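Peer 1: Got a predicted model here, sequence first, then my questions.
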Amino acid sequence: MAKKQQKSGKPNLDTKAIIEELKTPGLIILGMVGGNMAGKMIDKVMKVDPEATGFQVKALLKPVVQISAGVGGALFLKDKNMKLIASGVAASGIASGVKVFLKKDILQGLTNFAGLGDSDPVNQVFREPVNLSIEPYNPELPQLPPAQVEALPVENEDEINGSEMGAYQEIKEVEIL
């Protein structure tokens, strides 16, 4: 009989295993970026009016092409890595389709990342100025009655120059208990 291998509770962490685990989402993201860039080229060829309020059939061309290319690549390609990239292209088509139907970009938070979402290069460089000035704090303090103001002690010239201190004795050692 063959011995069964005992699995230890510790995961096998080596560089090759980590790279293999990160490769799958990385290839899908690469496919999404590529699909989005191809979608921008389709947008340049097929002009769709973004100001139009009604549904435009021309707007469906981009997601249909992206989804078709992605699904076709995932079905007909033999290499596992290329299938993952094709899946990313299909995912970018799904995101484009959602944008056509809902008029909202689900990749809105990723606009500064390598071609995902719609990005305006002018808005990436320039922005509206932010006023960071703080208004001065001037509290409304109550005024003292005149009788209390006159009762406040005021230093005279002798108190300021220290002449009333008189003679003093220098202490050489201090004993702390």
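Peer 2: Arrived safely, thanks for sending.
Peer 1: What's the first helix or strand after the helix or strand of the chain with the lowest mean pLDDT?
Peer 2: Among the helical and strand segments of the chain, the one scoring lowest on mean pLDDT, DSSP states H and E is helix 121-125, with a mean of 57. Secondary structure here is assigned by DSSP states H and E; on that basis, the next helix or strand after helix 121-125 toward the C-terminus is helix 146-151.
Peer 1: Need the CA coordinates for that following helix. PDB is fine.
Peer 2: The C-alpha atoms that make up helix 146-151 are tabulated as PDB, following Å, rounded to 0.1, in the frame of the first residue of the first chain:
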ATOM      1  CA  PRO A 146     -14.100 100.400  35.500                       C
ATOM      2  CA  ALA A 147     -13.900  99.800  39.300                       C
ATOM      3  CA  GLN A 148     -12.100  96.500  38.700                       C
ATOM      4  CA  VAL A 149      -9.700  98.000  36.100                       C
ATOM      5  CA  GLU A 150      -8.600 100.600  38.600                       C
ATOM      6  CA  ALA A 151      -8.100  98.000  41.400                       C
END
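Peer 1: who touches that helix?
Peer 2: Under the contact criterion C-beta atoms under 8 Å, 6 or more residues apart in numbering, helix 146-151 has no outside partners. Quick note: C-beta positions are derived from backbone N, CA and C, even for glycine.
Peer 1: Mean confidence (pLDDT) on that helix, please.
Peer 2: Taken as a whole, helix 146-151 carries a mean pLDDT of 82.
Peer 1: How far does that helix sit from its chain's centre?
Peer 2: The gap between where helix 146-151 is centred and where its chain is centred comes out at 60 Å by C-alpha atoms, centre = their mean, to the nearest Å.
Peer 1: And for stretch 24-44?
Peer 2: For stretch 24-44, the gap between its own C-alpha mean and the chain's C-alpha mean amounts to 21 Å (C-alpha atoms, centre = their mean).
Peer 1: residue contacts, A38?
Peer 2: V65, Q66, A69, V89.
Peer 1: By neighbours, which of those residues wins?
Peer 2: When neighbours are counted by other C-beta atoms under 10 Å, V89 leads the contacts of A38 with 28 neighbours.
Peer 1: ok, so what distance separates that residue from E150?
Peer 2: Applying C-beta to C-beta, to the nearest Å, one obtains 88 Å for the distance of V89 from E150.
Peer 1: All set, thanks.
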